[in-house]
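Sharing a model prediction with you, sequence too.
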Amino acid sequence: MKSVVKILLLVILTASLTSCEKIKNLFDIEVETTINGNLDIEVDETELKSTDGFGFNESITVQVLNDDLYEYEDEIEDFLVSGVTAEVTSVSEDGVEFLAGTTFTMSNPTYTVVWTLASNWPIGKGTTFNLKDAGLYDMVSDILDDRVDFTMSAVGESNIGGVTVVIRLGVETTVTVNPT
């Protein structure tokens with residue numbers, strides 16, 4: 001009889017703890033936002049010795065918290081990434097292409113995610129390159145979950161030297177916030 005009472009109390013306790021978590025989740029707020037950084041790429045004027053391309057290697061530091069998230073800073077539960085894009089916002093000259101093999105990297109002290117261009121990317125104002133998931137969005141979410149500044153970089157080659165390209169790198173994410 002004592003065993004039955006203990007088991008019954010254990011079941012009631014477990015059910016109440018599970019119910020408390022469900023009630024807490026009722027107060028979750030989802031905030032849709034894009035975390036952006038503008039990457040200014042200066043392409044070298046001299047041709048690389050091993051190829052016909054002109055090299056570049058640029059990076060920026062991006063803050064996880066943007067204007068949409070500052071007010072929730074201490075209440076953020078989770079980031080769920082739905083897309084990563086690179087959009088050309090300006091280019092100093094027509095006819096520029098980033099050559100196949102160019103990489104875009106997102107990293108913090110814990111994680112590194114790398115996307116590599118499989119083919120040349122024609123660079124023109126407004127052109128967008130979607131950095132596909134390929135199983136990497138979970139790791140991008142982990143980078144954001146760390147809530148420390150992260151680095152975004154581009155390393156590669158262009159078909160034309162001495163040009164400047166500005167790319168807005170954007171991480172589209174749904175942020176779960178719980179104010180309780």
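Done, it's in.

from here on, contacts and neighbour counts on C-alpha atoms
Fine.

Any stretches of this protein with poor pLDDT?
Scanning the chain for pLDDT under 70 picks out the ranges 1-27, 49-50, 70, 133-134.

Strands of that one, start to end?
29-42, 54-62, 76-91, 97-98, 103-107, 112-116, 121-122, 128-130, 150-158, 164-177 (DSSP state E).

Indicate which one of those strands is closest to residue 142.
strand 76-91 (7.8 Å; Cα to Cα).

so what secondary structure elements neighbour the closest one?
strand 128-130, helix 137-145, strand 164-177 (3 or more Cα pairs under 8 Å, 6 or more residues apart in numbering; DSSP states H and E).

Any idea which of the ones you listed gets closest to residue 69?
strand 164-177 (8.5 Å).

Send me the closest one as PDB with only the CA atoms.
What follows is strand 164-177 as a C-alpha-only set of coordinates in PDB (Å, rounded to 0.1, in the frame of the first residue of the first chain):
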ATOM      1  CA  THR A 164      34.900  47.500 -54.500                       C
ATOM      2  CA  VAL A 165      31.900  45.500 -53.700                       C
ATOM      3  CA  VAL A 166      29.600  45.900 -50.700                       C
ATOM      4  CA  ILE A 167      27.600  42.900 -49.700                       C
ATOM      5  CA  ARG A 168      24.900  42.800 -47.000                       C
ATOM      6  CA  LEU A 169      25.100  39.400 -45.300                       C
ATOM      7  CA  GLY A 170      21.800  38.700 -43.600                       C
ATOM      8  CA  VAL A 171      20.700  35.900 -41.200                       C
ATOM      9  CA  GLU A 172      16.900  35.500 -41.100                       C
ATOM     10  CA  THR A 173      15.800  34.100 -37.800                       C
ATOM     11  CA  THR A 174      12.900  33.500 -35.500                       C
ATOM     12  CA  VAL A 175      13.800  34.400 -31.900                       C
ATOM     13  CA  THR A 176      11.800  32.800 -29.100                       C
ATOM     14  CA  VAL A 177      11.500  35.100 -26.100                       C
END
